[in-house]
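In: Sequence first, predicted coordinates after that:
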Amino acid sequence: MVVSRDGVLRGDADVAAVAALMGEAARASVLVALAGGRALAASTLAAEAGVAPSTLSGHLARLVDGGLVTVEASGRHRYFRLAGPEVAEAVEALARLAPSRPVRSLRQASHAEAVRRARTCYDHLAGRLGVAVLDALVASGTLRAEPDPTGGADPILGAGRARRYLLTDTGRAHLDRLGMSLECAGRRPLTRYCLDWSEQRPHLAGALGAALLDRFVARGWVIRGERRVVRVSEAGRAGLVRDLGVDPAAVA
């Protein structure tokens, strides 16, 4: 039991309450759809979940009340998004533990492959492309990987094998040359990682991961598609090889 700053006694985390919200199929589909970081309309989410809009309305209300999803109004329309990156992290963690869904059509197979190739994980790149970007940043000396000094356990790498990624002076100069200013990262960690559910290896998150995705999109290197999928443009193929040493053809 813990006494918080407001003087309220608080017990252990109520994991079951959050698990119950995430454990219903339609609500889980909503969270997965929103894990790409975009705000989506209720009609879009109903189609993703495979339920009627009237049915989904109740599910969305529960997710909002539970603090997993926020809602914003635009005219007469309402759009929903994840409440924060920690919700996306929870979805990604569950995806690593979950069995694969059976594929029953060519369309489903194509989408599943596209998701594994390149997708967004909240506000940063994931899939084979996201993993390749992190590997390239480490190989070039832009980031330095080292064991986490806290000695924490990594759910994939094992006990005592959690990593941290540090931006080097050389790396900062390299990013400056690419026109990426990271001075205003705010309170968010500059570098951290997610364990990619499809690759079972780390991809880059944090302020730097978000800034890279924003830069790629702004340059037209990466084009957002539906349902979290992204694709690399012709300009992106050349730019990723030239500036980061990432060959998109190798992850296609």
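Out: Okay, I see it. Numbering: from 1, shown residues only.
In: Where does pLDDT dip in the chain?
Out: For the chain, the stretches with pLDDT under 70 are 1-10, 149-162, 183-186.
In: Could you break it into its assigned domains?
Out: Domains of the chain are assigned by automatic domain parsing as 8-83, 115-251.
In: Show me what stretch 212-223 is in contact with.
Out: By C-beta atoms under 8 Å, 6 or more residues apart in numbering, the residues outside stretch 212-223 that reach it are 118, 120, 123-125, 133, 178-180, 204, 224, 230-233, 235-236, 239-240. Just so you know, the C-beta spots here come from the backbone N, C-alpha and C atoms, and that holds for glycine as well.
In: residues contacting residue 73?
Out: With C-beta under 8 Å, 6+ apart, residue 73 has these contacts: residue 79.
In: Paired strands for the helix or strand hosting it, with orientation please.
Out: Assigned by DSSP states H and E, residue 73 belongs to strand 69-74. Sheet pairing of strand 69-74 (DSSP bridges) gives strand 77-82 (antiparallel).
In: What residues sit buried inside the strand it pairs with?
Out: Neighbour counts over strand 77-82 (16 or more other C-beta atoms under 10 Å) mark 79, 80, 81, 82 as buried.
In: from the middle of its chain, how far away would that strand be?
Out: 18 Å (C-alpha atoms, centre = their mean, to the nearest Å).
In: Can I get it as PDB, trimmed to CA atoms?
Out: The C-alpha coordinates for strand 77-82 follow below in PDB (Å, rounded to 0.1, in the frame of the first residue of the first chain):
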ATOM      1  CA  HIS A  77     -17.700  14.400 -36.000                       C
ATOM      2  CA  ARG A  78     -15.800  12.700 -33.200                       C
ATOM      3  CA  TYR A  79     -12.400  11.100 -33.600                       C
ATOM      4  CA  PHE A  80     -10.700   8.700 -31.200                       C
ATOM      5  CA  ARG A  81      -7.000   8.100 -30.500                       C
ATOM      6  CA  LEU A  82      -5.000   6.200 -27.900                       C
END
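In: now what about it, what contacts it?
Out: By C-beta under 8 Å, 6+ apart, the residues outside strand 77-82 that reach it are 30-31, 34-35, 37-42, 45, 60, 63-64, 68-73, 88, 91, 122.
In: In helices, which of those fall?
Out: 30, 31, 34, 42, 45, 60, 63, 64, 88, 91 (DSSP state H).
In: so the second one sits right up against residue 62, yeah?
Out: No. With contacts defined as C-beta atoms under 8 Å, residue 31 does not count as touching residue 62, sitting 11.6 Å away.
In: The two: which is more packed in?
Out: Using other C-beta atoms under 10 Å, the more surrounded residue of residue 31 and residue 62 is residue 31, with 21 against 14.
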